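Trainee: Quick check, what structure comes out for this input:
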Amino acid sequence: MPISRLPPPPPTSKHHSRLAGQLSSKLFQRLSLVDTPISIVPVELLAQIFLRATSLDVQNFKPSTSPLNITHTCTRWRDIAVDIPELWNAIEGEFSLPSPSILRLFLQRSKDLPLFVSVPRDSVHQFSSSTKEKEFVTLLIGESRRWRMLSVCYSAIFDCHAFHSLGPSDIPSLSTLRWLAGTDKPDLNHSWRVVQAATSFRTAIFNHPPSFGDWGHLTDLGLRATSAKLAIPTLRLCTELTRLTWLIKKRDTDISDPPVVLPKLKVLSLRLPVDDDFRVFEYLRAPMLATLSIVVQESTFPARHYWQLSKMLQTSECYLESFALDVGRSRLVGLPSLMRLANMQNLIKFCIRAELKEIPDLWGALPEHAELSVISSGVEEEELRDISRLIQTHPAVRQVKYAVRNCEWDTVQSILSSLSLDERGGIQVVDERVVREQMWGW
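Mentor: Numbers count the residues shown, from 1 in each chain. The predicted structure is shown next:
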């Protein structure tokens, strides 16, 4: 028999062992997938889980996790995730942006959905060449009609020149612009003229707001580390404003102008500076105000500020439905008197984080039937006992939400277990982040 027609040699025992190992490995993988509970979860439910995991944090303009992490888990998850456009319409990076190829993938998979674009700080340094940088910007500009939110944070890659080729008709879906500039304060004149004329534009967040143009259609304004000197001229232009979030910069000058009247403002969130000479409550009047939230940096809130706040409320003639106050370790001197104002008697929600040393006076001033939340300033047994006594003695308080951080959860549960059933009845332990998001929106 010719050598070319000889049958192949029989497989060796080593070959058999390797082949058997590969087959058993594949079989084990298949069986493990079948036995895993997540493998039998319906596609619709998995899709909802993926959407929740990548849901956009509107306050910080970033999703919780990237959909790419989901697609790298297993083939089934990848097939499901690729067919969900809502997973791919948030284009952001906390410290860096996706490469042009990844951006193109997001744009393709998001189909025609509105885009939420966030350009982070110093992202220009991540690209190895100016060609890729220009390609990235060109891709985004090409999809400008789909922009719903645009956030630019101290970034040189997406400066104002990117807007020079655009007009209001090129961004018909843009409703929110967040533009945080560096100390060089880049020229926003052209960008602002384009954005403010967009038909859907309603929300703006700045640290150096432009002081010109038509602000009349703006309903939601956020000011980040902005002094009163810069903010007051802008606020005078916002006649339709319904929500204002203001992180106030340390006082840099006295404002002698008359107060700003915001006739339609309903929600006001303030983060006050360490400076104890600020006079923000003298600047603002809001006759329609329903929700007021205050956070004090470094927890210094002198008693005179309660008087200034009460004066603002009385002058505005508003009636609050929700009031949240975070003064950390500051004492509550002046708060009971503030709570007794007519403006406070319709409160539906009241949230407090402070030293609760004046508990009898404060609780006695609470309006009836208000939902009460106390944010822990450091879990202590005495604080929980004070809250317990409040529930037992105050006729209008039946339940108190006690908000704690994750690291405090075990401690508070241990303290509650040491209390009697009557003492811990009515205390509902909740996540501090949820309360802060609901009451402050930070």
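Trainee: What ranges does the stretch 151-300 of the chain have for its strands?
Mentor: 176-180, 203-206, 220-226, 243-248, 260-261, 267-272, 284-285, 291-296 (DSSP state E, counting those that start in this stretch).
Trainee: Just put those strands in TSV and tack on mean pLDDT and mean neighbour count.
Mentor: To be clear about C-beta, it is placed using only N, CA and C from the backbone, and glycine gets the same treatment. Converted to TSV, the strands of the stretch 151-300 of the chain look like this (pLDDT from 0 to 100; neighbours: other C-beta atoms under 10 Å):
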stretch	mean pLDDT	mean neighbour count
strand 176-180	85	22
strand 203-206	89	20
strand 220-226	87	20
strand 243-248	89	20
strand 260-261	90	18
strand 267-272	88	20
strand 284-285	88	21
strand 291-296	88	21
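Trainee: Can you tell me which of those strands is nearest to residue 214?
Mentor: Nearest of those to residue 214, taken as C-beta to C-beta: strand 203-206 at 12.0 Å.
Trainee: rewinding a little: compare the strands of the stretch 151-300 of the chain and give me the one nearest residue 44.
Mentor: Nearest to residue 44 among the strands of the stretch 151-300 of the chain is strand 176-180 (29.9 Å), distances taken as C-beta to C-beta.
Trainee: and that closest one, what other elements does it pack with?
Mentor: strand 147-153, strand 203-206, strand 220-226 (3 or more C-beta pairs under 8 Å, 6 or more residues apart in numbering; DSSP states H and E).
Trainee: which residues sit against the second one?
Mentor: Residues from elsewhere that reach strand 203-206 (C-beta atoms under 8 Å, 6 or more residues apart in numbering): 151, 175-181, 195, 218-224, 226, 245.
Trainee: Repeat that for stretch 400-417.
Mentor: With C-beta under 8 Å, 6+ apart, stretch 400-417 has contacts from 371-376, 379, 381, 384, 387, 390-391, 424, 426-432, 434-436.
Trainee: can you pull the buried residues of that stretch?
Mentor: When burial is assessed from 16 or more other C-beta atoms under 10 Å, stretch 400-417 yields the following buried residues: 400, 401, 402, 403, 404, 408, 411, 412, 415, 416.
Trainee: Inside strands: which ones of those?
Mentor: Judged by DSSP state E, the subset of the buried residues of stretch 400-417 located in strands is 400, 401, 402, 403, 404.
Trainee: Helices of the stretch 51-200 of the chain, residue ranges please.
Mentor: Assigned helices in the stretch 51-200 of the chain, in chain order: 67-71, 75-82, 100-109, 130-142, 189-196 (criterion: DSSP state H, counting those that start in this stretch).
Trainee: mean pLDDT for these: which is lowest?
Mentor: Of all the helices of the stretch 51-200 of the chain, the minimum mean pLDDT falls on helix 189-196 (a mean of 76).
Trainee: for that one, the distance to its chain's centre please.
Mentor: Chain-centre distance of helix 189-196: 25 Å, with C-alpha atoms, centre = their mean, to the nearest Å.
Trainee: May I have that helix exported as CSV, CA atoms only?
Mentor: The C-alpha trace of helix 189-196 is given here as CSV (Å, rounded to 0.1, in the frame of the first residue of the first chain):
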residue,chain,number,x,y,z
ASN,A,189,-21.1,84.3,24.2
HIS,A,190,-21.7,82.4,20.9
SER,A,191,-22.5,79.1,22.7
TRP,A,192,-25.1,80.8,24.9
ARG,A,193,-26.7,82.6,22.0
VAL,A,194,-27.1,79.3,20.2
VAL,A,195,-28.4,77.3,23.2
GLN,A,196,-30.8,79.8,24.7
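Trainee: just to revisit the earlier point, distance to residue 343 added to the strands of the stretch 151-300 of the chain, as JSON lines?
Mentor: Shown next, in JSON lines, are those (distance: least, C-beta to C-beta, whole Å):
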{"stretch": "strand 176-180", "distance to residue 343": "31"}
{"stretch": "strand 203-206", "distance to residue 343": "27"}
{"stretch": "strand 220-226", "distance to residue 343": "23"}
{"stretch": "strand 243-248", "distance to residue 343": "18"}
{"stretch": "strand 260-261", "distance to residue 343": "17"}
{"stretch": "strand 267-272", "distance to residue 343": "13"}
{"stretch": "strand 284-285", "distance to residue 343": "13"}
{"stretch": "strand 291-296", "distance to residue 343": "10"}
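Trainee: who wins for proximity to residue 74 among those strands?
Mentor: Taking C-beta to C-beta, strand 176-180 is the member of the strands of the stretch 151-300 of the chain nearest to residue 74, at 35.2 Å.
Trainee: so what strands line up beside the closest one?
Mentor: Under the criterion DSSP bridges, strand 176-180 sits next to strand 147-153 (parallel), strand 203-206 (parallel) in its sheet.
Trainee: outside of it, which residues touch it?
Mentor: 61, 118, 148-154, 188, 191, 195, 201-207, 220, 222, 224.
Trainee: go again using 6 Å as the cut-off
Mentor: 61, 149-154, 195, 203-207 (C-beta atoms under 6 Å, 6 or more residues apart in numbering).
Trainee: for stretch 280-290, same thing?
Mentor: Applying C-beta under 6 Å, 6+ apart, the external contacts of stretch 280-290 come out as 259-262, 264-266, 268, 308-309, 312, 315-318, 321.
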